[in-house]
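> Fold the following and give me the result.
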Amino acid sequence: MASDCIFCRIVAGEIPSAKVFEDDASVAFMDIQPVSKGHTLVVPREHHDPITAVPAEVLKRTILAVQKVAAAQYAGLKAVAINVTQANGALAGQCVPHVHFHVIPRYEGDAHHQWTPGKYSSQEEMQQYAARIRDAIRR
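Numbering: from 1, shown residues only. Modelled structure (predicted):
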């Protein structure tokens, strides 16, 4: 636990929250600034950041909790769609440096919008980016 981490403090019960699920690996609780009603955060109990530092078993258990929350949003909230997002670093929009997933129920006519798609200048440029990622994966 990181004593200065708000999510660690929520996991420890030091800060009140509206929890919807918890097991020995993860905790899911309502976001206090929801994109839509029912917006839930799923965090590993252990403090890790960024996603590349999360042990595989912890990440696996956390994503299974994300799946469980998404299914509950479909069934319990009658959501017509679900967004699952995860950000790493301030530039990506991460506000709390404890890896977490946003599980956001979507409803007809809600005001939440997706990102604006961009494009590559050419097929060659896209292939160059793909090659750089493949090379990094192989390392």
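
> what's the longest helix in the protein?
helix 56-77 (DSSP state H).

> what helices or strands is it leaning on?
strand 19-22, strand 26-30, strand 40-44, strand 81-85, strand 101-106 (3 or more C-beta pairs under 8 Å, 6 or more residues apart in numbering; DSSP states H and E). All C-beta atoms are positioned from the backbone trio N, CA, C, and that covers glycine.

> Tell me which of those strands sits nearest to residue 115.
strand 81-85 (9.9 Å; C-beta to C-beta).

> mind listing what's buried in that closest one?
Using 16 or more other C-beta atoms under 10 Å as the test for burial, strand 81-85 gives 82-83.

> Repeat that for stretch 73-81.
Buried-residue list, stretch 73-81, by 16+ other C-beta under 10 Å: 73, 77, 79.

> Next, format the residues you listed as CSV and append pLDDT.
Shown next, in CSV, are these (pLDDT from 0 to 100):
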residue, pLDDT
73, 97
77, 96
79, 96
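
> And the pLDDT for residue 111?
Per-residue confidence (pLDDT) for residue 111: 79.

> Please report the distance of it from residue 86.
Computed as C-beta to C-beta, to the nearest Å, the residue 111 to residue 86 distance reads 22 Å.

> next one: residue 50
Taking C-beta to C-beta as the measure, residue 50 falls 10 Å from residue 86.

> same question, residue 72
According to C-beta to C-beta, residue 72 stands 19 Å off from residue 86.

> just to revisit the earlier point, please enumerate the shared neighbours of residue 50 and residue 86.
residue 99 (C-beta atoms under 8 Å, 6 or more residues apart in numbering).
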